[in-house]
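# let me see the structure of the following:
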Amino acid sequence: MKRIIDIVGALILLIIFSPVCLITAIAIKLDSDGPVLADVPERVGQYGKKFKMFKFRSMIVNAHFLLRHQPKFRHLFEEYKKGSYKLRNDPRVTKVGKFLRKHSIDEIPQLVNVLKGDMSLVGPRAYYPDELNDQQKKFPHTQKLVTKVLTVKPGITGLWQVTGRSEIEFDKRIAIDAKYVDNMALPSDLKIMLKTPWVMITGEGAV
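Numbers count the residues shown, from 1 in each chain. Below is the predicted model of the structure:
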């Protein structure tokens, strides 16, 4: 039933958001050089399987590579890791990107991931491999929680997204994701989906 809702919901949302996608693509191309979609590293999906996540580009080209390998960004990378893999006032974010990220518009292409079966509409956050490795070293008590979270597909939205987003550090975030897995049910999924539009509109907790 969850998979049926994912497919039907993703198709409906793609149709609804198609004008937004067109405007977003034009705005990205006018604002900065580079592709419309972000060239980001693979994420960790269900059972640890890696997949390519689709997102609108909200940063400069090669943003992830530059952060990890460009000397001038070295201090930012340390800040990035200390901040649970989030940066405030990130200089890599474009002008249009700031608006896209605040209102989660950059996440809309993930509906294609849902149709492909990589993701679900509702589920835990999809983490980067190095993020999971580093954060489990920093918070050893989260290892069992990570194992539990990886038994389900990551979601476009989820329990942590509607309860604080980027303002929540990894150990608390993964605990929220694990709580979602323990209590996963269609009524709770619908409740999360109903809360998501307000989070998108207000941009609460976004980075």
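# taking the mean pLDDT, what do you get for the helix or strand harbouring residue 9?
Residue 9 belongs to helix 2-31 when assigned by DSSP states H and E. Averaging pLDDT along helix 2-31 yields 97.
# kindly report the same for stretch 109-128.
On average, stretch 109-128 scores 96.
# may I have it as PDB, with CA atoms only?
Taking C-alpha atoms only, stretch 109-128 is exported to PDB below (Å, rounded to 0.1, in the frame of the first residue of the first chain):
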ATOM      1  CA  PRO A 109      13.100  16.300  -8.500                       C
ATOM      2  CA  GLN A 110      13.300  13.500  -5.800                       C
ATOM      3  CA  LEU A 111       9.800  12.600  -6.900                       C
ATOM      4  CA  VAL A 112      11.600  10.900  -9.800                       C
ATOM      5  CA  ASN A 113      13.600   8.900  -7.200                       C
ATOM      6  CA  VAL A 114      10.300   7.800  -5.700                       C
ATOM      7  CA  LEU A 115       9.000   6.600  -9.000                       C
ATOM      8  CA  LYS A 116      12.300   4.700  -9.600                       C
ATOM      9  CA  GLY A 117      11.900   3.000  -6.200                       C
ATOM     10  CA  ASP A 118      15.000   4.500  -4.600                       C
ATOM     11  CA  MET A 119      13.000   6.600  -2.200                       C
ATOM     12  CA  SER A 120       9.500   7.000  -0.600                       C
ATOM     13  CA  LEU A 121       7.400  10.100  -0.200                       C
ATOM     14  CA  VAL A 122       7.800   9.700   3.600                       C
ATOM     15  CA  GLY A 123      10.800   8.100   5.300                       C
ATOM     16  CA  PRO A 124      14.200   8.800   7.100                       C
ATOM     17  CA  ARG A 125      16.700  11.200   5.700                       C
ATOM     18  CA  ALA A 126      19.000  10.000   2.900                       C
ATOM     19  CA  TYR A 127      22.600  10.400   4.300                       C
ATOM     20  CA  TYR A 128      25.900  10.700   2.500                       C
END
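# list the buried residues in that stretch.
Buried residues in stretch 109-128, counted by 16 or more other CB atoms under 10 Å: 109-111, 113-114, 118-128. C-betas here are computed from N, CA, C, even on glycine.
# now, those residues that are in strands?
Counted as lying in strands by DSSP state E, out of the buried residues of stretch 109-128, are 120-122.
# by contact count, what packs against the lowest-mean-pLDDT helix or strand in the chain?
Ranked by mean pLDDT, DSSP states H and E, the weakest helix or strand in the chain is helix 74-82, scoring a mean of 78. With contacts taken as 3 or more CB pairs under 8 Å, 6 or more residues apart in numbering; DSSP states H and E, helix 74-82 sits against helix 63-69.
# what is the helix it packs on packed up against?
Using 3+ CB pairs under 8 Å, 6+ apart: helix 63-69 touches helix 74-82.
# ok, the residue of the chain positioned farthest from its centre to residue 77 distance?
Centroid-distance maximum for the chain: residue 71 at 26.3 Å, with CA atoms, centre = their mean. As judged by CB to CB, to the nearest Å, residue 71 and residue 77 stand 10 Å apart.
# likewise for residue 27?
28 Å.
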